[in-house]
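Peer 1: I'd like to go over a predicted model; first the sequence, then the structure.
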Amino acid sequence: MTTPIHEFLIAMFLSLAVRRCLTILRETKTFLSTVTGQEELAKRGLPHKWPVAGVKHVVLVASGKGGVGKSTTAVNLALGMSVVQRGLSVGLLDADVYGPSLPKLMNLSGRPELSPQDRMIPLVNYGIKCMSMGFLVEESAPIVWRGLMVMSAIQKLLRQVDWGELDILVIDMPPGTGDTQLTITQQIPISGVVIVTTPQDLALDDATRGAEMFRRVNVPVLGVVENMSGYICPKCGHLSNVFGMGGAKKIAQQINVEILGEVPLDLNICKTSDKGQPIVVSRPSSPQATVYKDIATRVLELLPSYQDPFPQRQ
């Protein structure tokens, strides 16, 4: 009897073999320009972008470096969207293969079941459909894979998950500008990316590079979230700019986007995240939750109108 992880790995290795065959075909140029309107993409060696089945909008949450609170932001952004617009169907995909955070942040565990079509069924908590490599491996097991295996795993997480009908899929990206970023931006249409940074100069430099990378691959940068934007003393309420100030404003001006929000460094955010109880749902009336919901509201306003990629079906 096979388990979801066995099915996943088998499909991944088969995909690697298929991708190798396609590479050989591409090199011999026997299949270029076979899709109408894709001649230019073929010449550049780029794949055609196909939407994730059932998903209207894909929003990336990214950063140039790790440790800036990107995953916490992604989780609270997704939850904030579902709160500020009732009836909105939202999903969360953890694309950080090497260091998945979604299981802990969303208090989820266990293996995903398979649909009759052999697609993985997302785990659900707080009304959000979730998928992560963390559901497919043991919690303490390291994932020691080379780039091609990671790229294949990402494709399986995009294509072999039964999301049902989603208005928005929020993808928590790994830090940096590597294989995962390129795979996702080349494989699927993306409505926009939210860049997360801290006020520290080192994080700002990396965030700027990350934003520039997304622009080069024609992904709209929706704006910047400044995380750890000052520390609020729990006793007196005094705000101290531990990591500096004005950093997000500097980036926003430099890349010509807006500041979506400034999230203070707060102990409650850390505690609720570690417990798998994101602050947007565990303390919805708190000032910190309000900041995340305001960010979610603005992101929803910035998303383009949905256009069915297959209008002939109607």
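Peer 2: Noted; the coordinates are in hand. Numbering: from 1, shown residues only.
Peer 1: Residue 206: neighbour count?
Peer 2: For residue 206, the tally of surrounding residues (other C-beta atoms under 10 Å) stands at 21. For glycine as for every other residue, the C-beta is placed from the backbone atoms N, C-alpha and C.
Peer 1: ok now do it, which residues does it touch?
Peer 2: 63, 64, 65, 175, 197 (C-beta atoms under 8 Å, 6 or more residues apart in numbering).
Peer 1: now residue 184
Peer 2: Per C-beta under 8 Å, 6+ apart, neighbours of residue 184: 60, 95, 154, 158, 171, 173, 190.
Peer 1: State the next helix or strand along the chain beyond the one helix or strand it maps to.
Peer 2: Secondary structure assigned from DSSP states H and E places residue 184 in helix 179-187. Downstream of helix 179-187, the next assigned helix or strand under DSSP H and E is strand 192-197.
Peer 1: List phi and psi for residue 284.
Peer 2: Backbone torsions for residue 284, taken as degrees, to the nearest 10, come to phi -60, psi -20.
Peer 1: Hmm, it is touching residue 82, no?
Peer 2: No - assessed by C-beta atoms under 8 Å, residue 284 is found out of contact with residue 82, at 11.7 Å.
Peer 1: wait, isn't residue 243 in contact with residue 200?
Peer 2: Yes - counting by C-beta under 8 Å, residue 243 touches residue 200, with 4.6 Å between them.
Peer 1: how about the nearest residue to residue 134, chain neighbours excluded?
Peer 2: residue 100 (3.5 Å; C-beta to C-beta, 6 or more residues apart in numbering).
Peer 1: okay but the one you found is in contact with residue 131, surely?
Peer 2: No - contact criterion C-beta under 8 Å: residue 100 and residue 131 do not qualify, at 10.0 Å.
Peer 1: So those two - more neighbours on which side?
Peer 2: A direct count of neighbours by other C-beta under 10 Å for residue 100 and residue 131 places residue 131 higher, at 27 against 23.
Peer 1: chain center to the helix or strand that one falls within, what's the gap?
Peer 2: In the assignment (DSSP H and E), residue 131 maps to strand 128-132. Between the centre of strand 128-132 and the centre of its chain there are 11 Å (C-alpha atoms, centre = their mean, to the nearest Å).
Peer 1: strands paired with that strand, and their directions?
Peer 2: strand 90-94 (parallel), strand 123-125 (antiparallel) (DSSP bridges).
Peer 1: of all those, which lies closest to residue 48?
Peer 2: Proximity to residue 48 (C-beta to C-beta) singles out strand 90-94 among these, at 20.7 Å.
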